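> Any chance you could fold what I've pasted below:
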Amino acid sequence: MKLRMLAVGTRMPDWVETGCNEYAKRLPPELRIQVVEIPLGSRGKSQSNAKAIEIEGQALLKAIGQRDFVVALDVQGKTMSTEALAAKLSHWQMDGRDISILIGGPDGLAADCLTRSDMRWSLSDLTLPHPLVRIVLMEQLYRAWTINANHPYHRS
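Prediction:
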């Protein structure tokens, strides 16, 4: 199983890179997370936000493997506890399919990305800036792994 984070936005601030790298280096070799950055669509007078989201969505869809299990991070998705995520992670590892987790840009994911997704997941009822979502996602995946590995990081 390959686990990929497909995220709209490039050139993240140093604090984002540092945070993501911290959790990435803690994960075991069999659970390395590949980060694929998708450029932001142009926004402004010459191009609408809707067109930018569509362009981002097309790029995300091209980056998804044909057989991938796709998880769309979406504010309207289903929330789950860390323990439930640990169970999902274990299931994903046993299933063997590659996993692509989609993180939209500042205006969210294109409708086509949501349609392609096998699962919609909301990290929180709060609105989080998309750079911060990367760190929260990495930490939660690490925490889920520690639960499955009986590592003392997670405390119930």
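
> and the most centrally placed residue in the chain, what is it in contact with?
In the chain, the residue lying closest to the centroid (Cα atoms, centre = their mean) is I101, at 3.8 Å. Neighbouring residues of I101 by Cβ atoms under 8 Å, 6 or more residues apart in numbering: 3-6, 70-71, 73, 137. C-betas here are computed from N, CA, C, even on glycine.

> Out of these, which sit inside strands?
Of the contacts of I101, the ones assigned to strands by DSSP state E are 3-6, 70-71, 73.

> Let me know the secondary structure of L132.
helix (DSSP: H, G, I helix; E, B strand; the rest coil).

> quick one, strands of the protein?
3-8, 33-38, 69-78, 99-103, 119-121.

> With only the CA atoms kept, save the fourth one in CSV.
Okay, so that is strand 99-103. C-alpha atoms of strand 99-103 as CSV (Å, rounded to 0.1, in the frame of the first residue of the first chain):
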residue,chain,number,x,y,z
ILE,A,99,-4.6,5.4,-0.8
SER,A,100,-4.8,9.0,-2.1
ILE,A,101,-6.0,11.7,0.4
LEU,A,102,-7.1,14.9,-1.3
ILE,A,103,-6.6,18.3,0.3
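
> tell me which residues in it are buried?
By neighbour count on 16 or more other Cβ atoms under 10 Å, the buried set for strand 99-103 is 99-103.
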